[in-house]
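Student: compute the structure for the input listed below.
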Amino acid sequence: MTRELVGYCGVDSGLIWIGDPCVLKRSEFADPKDWDGFCNSLRDMELPTENNSGVLTDNRIGDGEYPVYVTKDKDGRVKKMEIVFNWS
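Tutor: All right, here's what the predicted structure looks like:
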């Protein structure tokens, strides 16, 4: 298996969510006019957490850009994705 850097993930709220935006759009968090309310509702959750729309966690570091790696099998299929928050 091979691991490769595929990009960087920006964090602007100290939180990161990975999921399907189509599912999130249909969820209770769908009001784009209330971004602060959305962020505050996420902060009230016990993190990390998951539901049908994705996985949410804080990074305990804050805002920034963090490297994203994928690990592929011998056929080139992605087996794992990692976002590394503690790097230098």
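Student: in this protein, which spans are helices?
Tutor: For the chain, applying DSSP state H gives helices covering 21-25, 35-43.
Student: ok, Cys9 - contacts?
Tutor: Ile16, Glu65, Tyr66, Pro67, Val68, Ile83 (CB atoms under 8 Å, 6 or more residues apart in numbering). Where C-beta positions appear, they are placed from N, C-alpha and C, glycine not excepted.
Student: okay, the fourth one: pLDDT?
Tutor: The predicted local distance difference test score for Pro67 is 93.
Student: next, give phi and psi for the nearest residue to it once chain neighbours are set aside.
Tutor: Nearest residue to Pro67 in three dimensions, chain neighbours excluded: Val84, at 5.1 Å (CB to CB, 6 or more residues apart in numbering). Val84 adopts backbone torsions of phi -100, psi 110, taken as degrees, to the nearest 10.
Student: who's in contact with Val84?
Tutor: Applying CB under 8 Å, 6+ apart, we find Val84 in contact with Tyr66, Pro67, Val68, Tyr69.
Student: what do you get if the cut-off is 10 Å, keeping everything else the same?
Tutor: By CB atoms under 10 Å, 6 or more residues apart in numbering, Val84 lies in contact with Leu5, Cys9, Asn59, Tyr66, Pro67, Val68, Tyr69.
Student: so where is this structure shaky, pLDDT-wise?
Tutor: Where the chain drops to pLDDT under 70, the residues are 23-32, 35, 38-39, 42-44, 47-48, 50-52, 87-88.
Student: thinking again about what came up before, of all the contacts of Val84, which comes closest to Thr49?
Tutor: Asn59 (14.2 Å; CB to CB).
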